[in-house]
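Asks: Need coordinates for the following:
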Amino acid sequence: MRRFVCLSLLLLGFAVHAAPTVDPLRIGLSYPRTGNDKAEGLEQMRGALLAIDEINAGGGVLGRPLHLETANSASRAETAVKTVDRLQARGVAMVFGGATSEEVLAASQRAREHGLLYFATLAYANEVTGQHGHRYLFRESGSAHMSARVLGEYLAIHQPRRRYFHITRDDAWGNSMERALRDSTATQDKARHGRRSLAANAARLADMRKALEAASKSEADMLVLNLLGNDLVKMLRLVEQQGLNRRLQIIVPHLTKPLVEQAGPALMAGVIGTETWTWRVAEMEKSTAGANFVKTFIAQHQEYPGSTAASTYAIVRQWAAAVERAGSSDSQAVIQALEGHQYQLLKGPQEWRAFDHQNLQDIYAVRVRPRDEIMKGQLKQDYFEIIYRMKGEQAAVSLEDWEQERDSLTLE
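Replies: Numbers count the residues shown, from 1 in each chain. Okay, here's the model as predicted:
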């Protein structure tokens, strides 16, 4: 009898240890681990991992733990397409990330071919949810149109009747941003409001100097730098060297925490731009979830989270919630669960708009604080002063304008 009991216990122990584990539900982050935008990539990774930790601590998604697969896109469109292929081969249920509009457009198209949803974090060109938008692509960040609307209204009130000069990255986002800001500030006359364009990747210093020389000789009051990454940082250093920031109001339409840190608060002081989220928004909106996100991020990394980390965090949380509502991670089921869905997470009300998959949320005009003010803060990272605010539905492109741009009524 004792032998039987021992054998039974042995078999029971074997059964416990041999019980099959639940397969994880895999999601894929295509992000810049190297290149000009690697600081943004680090923020993307941190925000995603924080969301996954919280979801898994709560039991996972449909009883399955989430697992993050990653691949380095280096912010290049051709590389991003290959990263989507690699992530799909690893069995991911969706892909998110991206640091440029070209990258997102190329990667999301490949994701669509694989039947995978793609969520964009840093992709501001209007075409992303406009002319080139499709059923499998959702954008969590704001658009060039949204940034231009809030900037245009703020500048019309506080700095009216100014002359502008644009220095623009020659790509989808740069040209889209310049057009939108010219429209919102009624400065379409390029003879009066001048411009120069620069190569989309690795612009030459000589060309930057020529562009600034033209801006200096113009009668502009406002210098708009429609640039990104290292090119923007180099341009800001030239602006400082030539003293143009003491004569002209500098506008950088899309600002992020990593950008200020890359350029340095001293170079960025007084620059006006836009953000969809800062760590102070959670406090301003009395968002409990937002405050907890900020607190946990600080505990893990000893720094404030930026809008990029907030974006990937929100994407993972929102996709997981949609899977739970749909009862499946199937792309078509998740699309139906997302379209028109309204929620609150890290700020006030937000919505995944059904007709174009643009995330509607408040957008803020911000100004970079003086360096001495920043250095007084506990973490020395309180970079942005919120100077104006606009509701998402007011800032985003209208259905009528979207239909005219696409000449189509539905996403395919």
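Asks: In three-state terms, how would the closest residue in space to Asn245 that isn't next to it in sequence be classified?
Replies: Once flanking residues are discounted, Asn245 sits nearest to Val239: 5.2 Å by Cβ to Cβ, 6 or more residues apart in numbering. No exception for glycine: its C-beta is placed from N, CA and C like everyone else's. State at Val239, reduced to three classes by DSSP: H, G, I helix; E, B strand; the rest coil: helix.
Asks: Quick check: Val239 touching Glu213?
Replies: No - taking Cβ atoms under 8 Å as the definition, Val239 is not a contact partner of Glu213, at 11.9 Å.
Asks: and the two? which has more neighbours close in?
Replies: Between Val239 and Glu213, counted using other Cβ atoms under 10 Å, the more crowded position is Val239 (24 against 12).
Asks: and the gap between that one and Ala200?
Replies: Distance from Val239 to Ala200, counting by Cβ to Cβ, to the nearest Å: 20 Å.
Asks: Tell me which stretches of the stretch 301-412 of the chain form strands.
Replies: 342-344, 349-352, 359-360, 363-368, 384-390 (DSSP state E, counting those that start in this stretch).
Asks: try the stretch 151-300 of the chain
Replies: Counting by DSSP E, counting those that start in this stretch, the strands of the stretch 151-300 of the chain are 164-169, 195-198, 222-226, 249-254, 272-275.
Asks: Quick one: the ones you listed as JSON lines, columns for distance to Tyr118 and mean neighbour count too.
Replies: Below are the strands of the stretch 151-300 of the chain laid out as JSON lines (distance: least, Cβ to Cβ, whole Å; neighbours: other Cβ atoms under 10 Å):
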{"stretch": "strand 164-169", "distance to Tyr118": "23", "mean neighbour count": "25"}
{"stretch": "strand 195-198", "distance to Tyr118": "28", "mean neighbour count": "19"}
{"stretch": "strand 222-226", "distance to Tyr118": "25", "mean neighbour count": "26"}
{"stretch": "strand 249-254", "distance to Tyr118": "20", "mean neighbour count": "22"}
{"stretch": "strand 272-275", "distance to Tyr118": "23", "mean neighbour count": "25"}
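Asks: Quick one: low-confidence residue ranges for the chain.
Replies: 1-20, 408-411 (pLDDT under 70).
Asks: give me that answer again for 90
Replies: Scanning the chain for pLDDT under 90 picks out the ranges 1-22, 35-37, 171-173, 200-203, 228-230, 404-412.
Asks: What separation do you get for Asp330 and His166?
Replies: Distance from Asp330 to His166, by Cβ to Cβ: 44 Å.
Asks: about what we covered before: can you put the strands of the stretch 301-412 of the chain in TSV and add distance to His114 and mean neighbour count?
Replies: As requested, the strands of the stretch 301-412 of the chain are exported to TSV (distance: least, Cβ to Cβ, whole Å; neighbours: other Cβ under 10 Å):
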stretch	distance to His114	mean neighbour count
strand 342-344	27	12
strand 349-352	21	19
strand 359-360	23	23
strand 363-368	32	24
strand 384-390	36	18
